[in-house]
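A.B. asks: the following block contains a protein sequence and its predicted model.
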2 protein chains.
Amino acid sequence: MQKLLQTLNNYTKLSESSTELITGCFVHKKIPKGTILISEGQTARYFYWLVKGTMRGRIAPKGELITTWFATKNMFCSSMPSFISRKPSRESIEALEDCEVYCISRHDVLMLFKQTTEMSSIVRKMAEEAYIHSLNRTYQFQSLSAKERYDSFVMHYPELMQKIPLGMIATYIGITQQSLSRIRKQL
Amino acid sequence: MQKLLQTLNNYTKLSESSTELITGCFVHKKIPKGTILISEGQTARYFYWLVKGTMRGRIAPKGELITTWFATKNMFCSSMPSFISRKPSRESIEALEDCEVYCISRHDVLMLFKQTTEMSSIVRKMAEEAYIHSLNRTYQFQSLSAKERYDSFVMHYPELMQKIPLGMIATYIGITQQSLSRIRKQL
DNA sequence: GGATTCTTTTACCAAATGGTAAAAAATGGA
DNA sequence: TCCATTTTTTACCATTTGGTAAAAGAATCC
């Protein structure tokens, strides 16, 4: 919980009373490996903060599962567009390891919008971050080779290399598992 | 101006007084072909609504210009992350034809945030749209072939095919001009 | 019109990637 | 430990894409 508050404070400095209110809205949960927290078509009702473990967003347009993002320790995750706009989610969220999270419901987020001055600022900044991350990712596909995208991935998620099946990483950077295996061999 | 108001009303129904206030903040301008409205490194101070013409976002990471987006008639454009977060823009904005725009300054947008209830909702929805567009784009790079990305482009921007140099479209979908010429020949 | 410039096509070959399949390696459970 | 399952590597070949270059075509300016 300490780490979570620290992250929130990095977005916007929280007053003592807001800290108390916000803290009260996050619920601690254990999520077993393999759990689908949000399924495609469902509307995301919770926002998650990862204390421990790894999750991914995934989508299956042509039958095969494609990874849309990874979230690791000390990161927030959810189906952002669905959570924000209350639309059915295009992607699912899957726990890739046993996870521990703090989660908050949309209902409580809306409540905090009214009762604190900081919450809307925090959510706005998180949305901006997510948007910029998406722009960067698009830009990488436009201008980087598969090998360069892989290098960039290793740079950003070094710890995932040990934990996550190669195939999930391959679809994340837009290539097949075999190609990634080849790329990795070259070094 | 009628069309602009119509678009704004599609985001959020405007009251009569807000309509008047907002209308007063948009300035009509003619932009000659080739104009750089925002340069890389500069902070975006205006938001543009295209009455006529075409613009693009571009970036030159390795010397060569890459198109990051196109905007056509009846669309908004700016360097969104820069305009919203007041950070130096990573991309430039270029008029690809003689354009007519209505533009609004950040100063006026902030003023409208305070004086109307609708403006913040409009901007929030526009940001959501931009975010979802970026996610879709990333997703296309992950899962579609160059040919499929080209088909998708033609579907979304049919009128651009006649007006815009092929090379600009090629970098937008992440391939070289030669490859796109080849793809187009196959039909 | 004619020259200049920009744009598009084409050709050639090298490099990268995909698809199918099978073997090898690693993992997890009984 | 051994078996079953999952994951990774490897091989082979077809397809796609990139890079360089040159030719053809279109637009622009004087």
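C.D. replies: Nice, thanks for sending it over. Residues are numbered from 1 along each chain as shown, chains lettered A, B, ... in the order given.

A.B. asks: C-alpha only now, for contacts and for neighbours.
C.D. replies: OK.

A.B. asks: neighbours of A:R106, how many?
C.D. replies: When counting by other C-alpha atoms under 10 Å in any protein chain shown, one arrives at 16 neighbours for A:R106.

A.B. asks: can you list the residues of chain A near chain B?
C.D. replies: Neighbours of chain B within chain A, by C-alpha under 8 Å from any C-alpha of the partner chain: A:66, A:68, A:81, A:128, A:131-132, A:134-135, A:137-139, A:141-143, A:171-175.

A.B. asks: for stretch A:35-52, measure first residue to last.
C.D. replies: Between the opening and closing residues of stretch A:35-52 lies a distance of 14 Å (C-alpha to C-alpha, to the nearest Å).

A.B. asks: can you tell me how far the closest residue to A:T54 other than its chain neighbours is from B:R45?
C.D. replies: Here the nearest residue to A:T54 in space, its sequence neighbours aside, is A:T72; by C-alpha to C-alpha, 6 or more residues apart in numbering or on different chains that works out to 4.7 Å. Distance, A:T72 to B:R45, using C-alpha to C-alpha: 36 Å.

A.B. asks: cool, and A:L180?
C.D. replies: Between A:L180 and B:R45 the computed distance is 43 Å (C-alpha to C-alpha).

A.B. asks: ok, A:G174 next?
C.D. replies: From A:G174 across to B:R45, the span is 35 Å (C-alpha to C-alpha).

A.B. asks: between these two, which one's more packed in?
C.D. replies: The neighbour count for A:G174 versus B:R45, taken as other C-alpha under 10 Å, is higher for A:G174 (24 against 18).

A.B. asks: look at the more buried one and give its secondary structure.
C.D. replies: Assigned by DSSP: H, G, I helix; E, B strand; the rest coil, the conformation of A:G174 is coil.

A.B. asks: can you say which helix or strand has the closest residue to it other than its chain neighbours in it?
C.D. replies: Counting by C-alpha to C-alpha, 6+ apart, the nearest residue to A:G174 once its immediate chain neighbours are dropped is B:Q142, at 4.2 Å. Element membership for B:Q142, per DSSP states H and E: helix B:118-143.

A.B. asks: okay, the angle between the very next helix or strand once past that helix and helix B:118-143?
C.D. replies: Scanning forward in sequence from helix B:118-143, with DSSP H and E defining helices and strands, the next element found is helix B:146-156. With axes from the mean of the first three to the mean of the last three C-alpha atoms, to 10 degrees applied, the angle from helix B:146-156 to helix B:118-143 works out at 150 degrees.

A.B. asks: quick one: is the very next helix or strand once past helix B:146-156 near DNA strand C?
C.D. replies: Using DSSP H and E, the helix or strand that follows helix B:146-156 towards the C-terminus is helix B:160-163. No - in this structure, helix B:160-163 remains apart from DNA strand C according to C-alpha under 7 Å from any atom of the strand; the gap is never smaller than 7.8 Å.

A.B. asks: give the buried residues for helix B:160-163.
C.D. replies: B:L160 (16 or more other C-alpha atoms under 10 Å in any protein chain shown).

A.B. asks: residues in contact with that helix: which ones?
C.D. replies: Applying C-alpha atoms under 8 Å, 6 or more residues apart in numbering or on different chains, the external contacts of helix B:160-163 come out as B:V154.

A.B. asks: what about that helix and DNA strand D, touching?
C.D. replies: No - looking at helix B:160-163 against DNA strand D by C-alpha under 7 Å from any atom of the strand, there are no contacts, and the closest approach is 8.9 Å.

A.B. asks: and that helix, C-alpha only, in PDB?
C.D. replies: Listed next in PDB are the C-alpha coordinates belonging to helix B:160-163 (Å, rounded to 0.1, in the frame of the first residue of the first chain):
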ATOM      1  CA  LEU B 160      -6.300  11.200 -50.100                       C
ATOM      2  CA  MET B 161      -5.200   8.700 -52.700                       C
ATOM      3  CA  GLN B 162      -5.600  11.300 -55.400                       C
ATOM      4  CA  LYS B 163      -4.000  14.200 -53.600                       C
END
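
A.B. asks: OK, contacts around the residue positioned nearest the centre of chain A?
C.D. replies: With distances taken as C-alpha atoms, centre = their mean, chain A has A:C77 as the residue nearest its mean C-alpha position (3.3 Å). A:C77 makes contacts with A:F47, A:Y48, A:W49, A:L50, A:A71, as judged by C-alpha under 8 Å, 6+ apart.
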